[in-house]
Structure formats: C-alpha cells, structure tokens
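Asks: here is my input; please provide its structure:
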Amino acid sequence: MHACVVRDASNGQGAPPPARQCSVNRRSDKGLYCKTRSLRQDLEDSTDMSPVAALLNEMLEDVDELACRIVERVRREIRGYAQVPEEEHREQVHAHLLEILAGLRDRVPPSPAMVNRVRALGRRRAAQRINLPDLVEACQVVYQEIWNELLVRATHHEPDLSAQLLGEVAPLWSSSHRVTNAAASAHAIEQRSATTTRVALRRQFLDTLRTPVDVAEGRRVARALDFDPNTGFVALCTTLTGLGDIDRLDAALAESGLPALVTDDGAVTVMIGQGTDETLLTALRSVSPDAPAGIGLSRPGIEGAAVSVVDARDSLEAALRLRRDVRFAEDWLQVLLHTFRHRLRPIMRHGRDVALDNPALADAVRAFARAGFSLAESGRRLQISPNTLAYRLERWRTLTGWDVRTFRSLVASLASIDWAHSPETPSTNPRIS
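Replies: Okay, the predicted model is just below:
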C-alpha cells in the first residue's frame with residue numbers, strides 16, 4: 001500500500017499544503033506492480049533527456065499523488081462515478097497514468113496494448129452504467145490534470161521552461177484524442193449490446209406474465225432486470241405516439257434509480273416498476289404530459305406482476321374513455337364493469353337505450369351519485385331545481401325499473417350510462433336540456 005498526499009496543482013507552489021491522504025494498492029494487481037517497477041527502473045537508467053522529459057520523469061515518480069488527485073476530482077465533479085468502487089477507480093487511473101506519462105516522455109503514441117486496455121475500461125464503465133458523456137469528461141480530467149501539473153512543475157523549476165511546453169500540446173492532444181476515442185467507442189458498442197439484451201429481456205419478462213404465468217422463468221428474468229421477484233410490482237399502461245418516446249421514457253425511469261422497465265406491446269406501452277406508481281407516472285408525464293394512463297394495483301411476486309399488468313390494461317381502456325388517468329385502486333368498479341360489459345349487456349342493454357334516448361335523465365343520475373346523493377347539490381351542479389332533479393330520478397326509475405337510491409340499482413344505472421357514452425356506442429340523439 002503506497003500512501004500519497006492530495007495537493008492543489010493550481011497553487012503554483014512546489015511545497016504541497018497539508019491535505020488528506022489516499023492510497024494506491026499496487027500489490028493488489030501483480031501486473032500493475034511489475035509495470036510500476038519496470039518504469040521506475042527506466043527512470044533510473046535515463047540520463048540524457050530534455051527538460052520537459054525530466055519533468056515527466058518527476059511526475060512518474062509522483063504518479064501515486066497525481067492519481068489520487070485525479071480520482072478525487074472525478075468523483076467530486078462527476079456524480080455518476082459514485083457507482084465505481086473507489087479503490088478500483090484509483091488503481092485504474094494509476095495504471096493508465098503510468099502508460100500515458102511514459103508515452104509523453106518518450107514521445108510515442110499510446111501503444112496498441114494500452115489502447116486495448118482503455119477499450120476494456122470503456123466496456124467496464126458501460127457495464128457499471130456510467131453515461132458516455134461522464135466517461136469522456138473523466139478522460140478529459142486526466143489530461144487536464146497532467147497539463148496542469150506540467151505547468152506547475154515548469155514554473156517552479158524555471159519560469160522560462162513553461163514556453164517549451166508548447167511543443168507538448170500536440171502529443172498531449174493526440175494521446176488524449178486516441179485514448180478518449182478508444183474508451184468512448186468501446187463504451188458505445190457495449191452499451192448498444194447491453195441495450196439490445198435488455199430490450200429482449202423486457203419483452204421476455206412481459207411474455208412470462210401472460211396466461212399461463214411462467215413463475216420460474218419470470219423470477220429468473222426479473223432478477224436479470226434488477227427486480228426483486230419477492231416484492232411488489234406495479235404496472236402502468238399508456239399509448240405513446242411520438243418518435244423516440246419510449247427511449248426518452250426509459251431514460252426518465254433510469255433517473256429515478258428504482259427498478260423499472262418500459263416496453264411496447266402492440267399499440268400499448270407497458271411500464272412495470274417496484275415502488276410507488278407515482279414513479280412511473282412522473283416519468284411518463286416528463287415525456288408526454290397528456291398521454292392517457294391506466295395504473296394497476298401494486299401486487300406481490302411474479303403472479304402479482306401479471307395481474308397488475310391486467311389491471312393497468314383494463315384501466316387504460318377506462319382512461320381513454322374518460323380522458324383522465326384511471327387508477328384501478330380507485331376506479332375498480334367502473335373498470336371491471338366495463339371489462340365484463342360483454343357478459344353484462346343483456347342486463348344493461350335496456351338501461352343503455354334509456355340513457356341514449358334521455359340524456360338529461362342520465363345526467364341527473366350521474367350528478368346524484370357524484371353529489372353525495374343530495375338533491376340540492378345535484379340540482380345546483382346541473383343548474384336545475386331540486387324538484388326537477390327528483391322528477392328526473394323518478395322518471396329514470398319508471399323507465400328502467402332501477403331506483404338509484406339503492407346500491408344495486410345505482411351500480412346498474414351507472415354501468416348502463418357508462419356503456420351508452422362508450423366510443424363503441426355513438427349517440428345519435430339530441431341532448432335534452
């Protein structure tokens with residue numbers, strides 16, 4: 001374990017101020033330790049070199065300190081790097097600094113072996129879910145700190161030496177360009193591959209939730225998608241028509257930090273998450289403020305996830321009719337009545353016909369239900385007298401046989417009226433005021 005002190009390269013002073021210590025565990029990687037010893041030996045054997053090369057030699061001697069400072073800055077300025085274990089991060093920066101500084105000293109470009117190692121790092125960062133812009137920024141920090149350190153050391157040794165650093169701009173830029181491109185291209189390829197795999201897993205997970213539910217396969221795929229198959233799942237269904245909406249929705253869900261997925265299933269977009277339905281709804285609204293949303297009930301386990309998707313699909317149908325978000329937990333009766341309308345049609349057909357022929361009576365029934373069964377409040381909302389409202393309710397009872405003051409008749413009445421206003425049953429009757 002080699003300890004080093006983090007100092008500010010921008011202070012222009014040779015003596016570092018007191019600062020916290022960090023360490024590079026070089027012996028945790030045998031290859032890295034051997035490479036360090038090899039470069040140290042190169043330093044001892046080097047005799048005739050330019051002043052700038054001598055500065056780079058000094059930096060190689062102090063590479064532990066520089067690595068610590070770079071890691072500290074990257075982790076402070078780029079939040080995504082909190083996902084990278086700090087010791088791993090420090091050792092990787094340390095190893096690459098050795099190769100970069102030696103290459104600049106010897107005025108040779110990054111070797112093919114180094115480029116391959118950088119590509120491996122790019123793939124590793126993609127697997128750790130570091131965004132590509134964050135990876136590129138971290139690469140830039142490495143070269144910024146190398147340049148800053150060169151300036152500080154040149155000024156400290158001999159002010160006129162800083163002018164000679166102009167000759168190092170081109171090789172430094174070339175090295176930065178090649179290293180950054182190698183890391184970024186490997187990251188992009190790995191990310192595309194991971195995205196393709198993840199999209200396939202999402203579709204596979206949705207398939208396992210179809211009847212009959214494949215619980216064992218569902219649990220396996222759920223774990224691959226970072227879900228806990230033993231806890232609750234909640235589904236949201238919507239319809240998205242914008243180009244790239246699903247990709248943007250996927251990114252919004254990723255920002256929440258909670259396990260979630262989005263995939264298309266024909267004309268319906270299905271979102272499944274763990275946590276509250278607000279996480280899903282917030283992500284949807286950030287992409288499409290006006291998209292209809294049917295929200296299922298949170299249910300435990302893979303079988304629960306399957307039922308929540310059914311909840312959400314059925315609720316979406318209601319949301320499309322009502323032009324508002326529909327939560328199964330709140331609107332379950334209306335949702336289920338509509339879902340099973342085909343079986344209920346013989347019971348509801350007469351009430352639907354009355355509602356179509358007498359929309360004012362239907363409005364009176366709805367207002368009565370929504371106003372807490374108060375004649376006065378119902379009349380106020382419809383801008384008619386309580387007596388007129390009472391007459392219309394009685395007229396509804398005469399025509400349908402349903403007294404809306406009883407639970408059974410009220411449910412039947414509302415279901416029939418809802419069916420009458422369904423898009424599948426367009427009304428051709430004039431509205432009675």
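
Asks: which parts of the stretch 1-150 of the chain are helices?
Replies: 30-45, 51-61, 63-77, 86-106, 112-127, 132-157 (DSSP state H, counting those that start in this stretch).

Asks: angle of the third one against helix 86-106?
Replies: Using axes from the mean of the first three to the mean of the last three C-alpha atoms, to 10 degrees, the inter-axis angle of helix 63-77 relative to helix 86-106 is 120 degrees.

Asks: mind checking how far helix 63-77 is from the chain centre?
Replies: Averaging C-alpha positions (C-alpha atoms, centre = their mean, to the nearest Å) puts helix 63-77 28 Å from its chain's average.

Asks: stretch 250-260 now?
Replies: With C-alpha atoms, centre = their mean, you get 2 Å for stretch 250-260.

Asks: what comes up buried for it?
Replies: 250, 252-253, 259-260 (16 or more other C-beta atoms under 10 Å). Quick note: C-beta positions are derived from backbone N, CA and C, even for glycine.

Asks: so which of those belong to helices?
Replies: 250, 252-253 (DSSP state H).

Asks: which among the residues you listed gets closest to Val307?
Replies: Leu253 (21.3 Å; C-beta to C-beta).

Asks: not counting sequence-adjacent ones, nearest residue to the closest one?
Replies: Distances taken as C-beta to C-beta, 6 or more residues apart in numbering put Ala260 closest to Leu253, at 4.3 Å, once the chain neighbours are dropped.

Asks: which residues sit in contact with that neighbour?
Replies: Contact analysis of Ala260 by C-beta atoms under 8 Å, 6 or more residues apart in numbering lists 253, 271-275, 279-280, 283.

Asks: mind running it again at 7 Å?
Replies: The neighbours of Ala260, taking C-beta atoms under 7 Å, 6 or more residues apart in numbering as the test, are 253, 271-273, 279-280.

Asks: what's the answer for Ser416, then?
Replies: Here Ser416 is in contact with 348, 351-352, 355 (C-beta under 7 Å, 6+ apart).

Asks: kindly reformat those as a markdown table containing neighbour count, pLDDT and distance to Thr180.
Replies: Converted to a markdown table, the contacts of Ser416 look like this (neighbours: other C-beta atoms under 10 Å; pLDDT from 0 to 100; distance: C-beta to C-beta, whole Å):
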| residue | neighbour count | pLDDT | distance to Thr180 |
| --- | --- | --- | --- |
| Met348 | 21 | 89 | 67 |
| Gly351 | 25 | 95 | 70 |
| Arg352 | 22 | 94 | 67 |
| Ala355 | 29 | 96 | 68 |
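
Asks: report the distance from the helix or strand hosting Ile417 to the chain centre.
Replies: Using DSSP states H and E, Ile417 sits within helix 407-420. Distance of helix 407-420 from its chain centroid, counting by C-alpha atoms, centre = their mean, is 42 Å.

Asks: pretty sure Val270 is touching Thr238, no?
Replies: No - between Val270 and Thr238 there is no contact under C-beta atoms under 7 Å: 8.5 Å.

Asks: how is this protein carved up into domains?
Replies: 2-188, 215-329, 340-420 (automatic domain parsing).

Asks: out of these, indicate the one that is most buried.
Replies: Counting by mean count of other C-beta atoms under 10 Å, domain 215-329 has the highest mean neighbour count of the domains of the chain, with a mean of 19.

Asks: quick one: average pLDDT of that one?
Replies: For domain 215-329, the mean pLDDT works out to 93.

Asks: measure that domain end to end?
Replies: In domain 215-329, first residue to last residue: 24 Å (C-alpha to C-alpha, to the nearest Å).

Asks: ok, the residue nearest to Ser286 when sequence neighbours are not counted to Met271 distance?
Replies: Among residues not flanking Ser286 along the chain, Ala252 sits closest, at 4.9 Å (C-beta to C-beta, 6+ apart). Computed as C-beta to C-beta, to the nearest Å, the Ala252 to Met271 distance reads 10 Å.

Asks: perfect, that will be all.
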